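Peer 1: okay, predicted coordinates and the sequence, questions at the end:
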Amino acid sequence: MHKAPSPDPRADIKPLLVAAAIILRNEPAAPAGTTTKILIAQRKADASAEGGKWEFPGGKVDPFEHPEATVVREIKEELDLDITVDRIFDVASHVYDHPTKGPGQIILICYLCGADSADFKLLDVADAKWVTVHELDRFQFAEADIGTVAKLKGYLAD
């Protein structure tokens, strides 16, 4: 009798769809001209994974919700900031092994966005900062965001 192969233990894993905002804002720079600032957020230390690391703010896409609507909702909930969504900038896939929940996968859709105001409130993040592209390397980003950070640096350098 031939034994059927064991099913792949990853077969039951459903990817987690996450939408994030790369919020860009042009600010005056000395002596003349402007500089582009990017809003990044720090995860709370008690976050289920990668607490304390930095990321492009956003969150899980709810059932039947469009990812673009997720970005607008999450930024309002986390930072009390109104944004306008421009377009998709990057789609990334990140496979991870959570210490208590086991393996998983995140599909991250990153949107280029704008904000009329630079003012925000820390409602559901540990910290947030407007930074230049040259300052991004000073921050430890969540694994899922690292590839997008590299692409953004190339995009803004042009």
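Peer 2: Received the coordinates, thanks.
Peer 1: assign residue 103 to helix, strand or coil.
Peer 2: Residue 103 carries the three-state label strand when classified by DSSP: H, G, I helix; E, B strand; the rest coil.
Peer 1: ok, it to residue 14 distance?
Peer 2: With distances taken as Cβ to Cβ, to the nearest Å, residue 103 is found 12 Å from residue 14. Placement of C-beta: from N, CA and C, glycine included.
Peer 1: neighbour count winner among the two?
Peer 2: Shown here are residue 103 and residue 14; by other Cβ atoms under 10 Å, residue 103 has more neighbours (11 against 7).
Peer 1: hmm, that one is touching residue 12, no?
Peer 2: No. Under the criterion of Cβ atoms under 8 Å, residue 103 lies out of contact with residue 12, with a separation of 10.4 Å.
Peer 1: around residue 114, how many other residues sit close by?
Peer 2: 13.
Peer 1: can you check residue 137 too?
Peer 2: Neighbouring residues of residue 137 were enumerated by other Cβ under 10 Å; the total is 10.
Peer 1: contacting residues around it?
Peer 2: Going by Cβ atoms under 8 Å, 6 or more residues apart in numbering, residue 137 touches no other residue.
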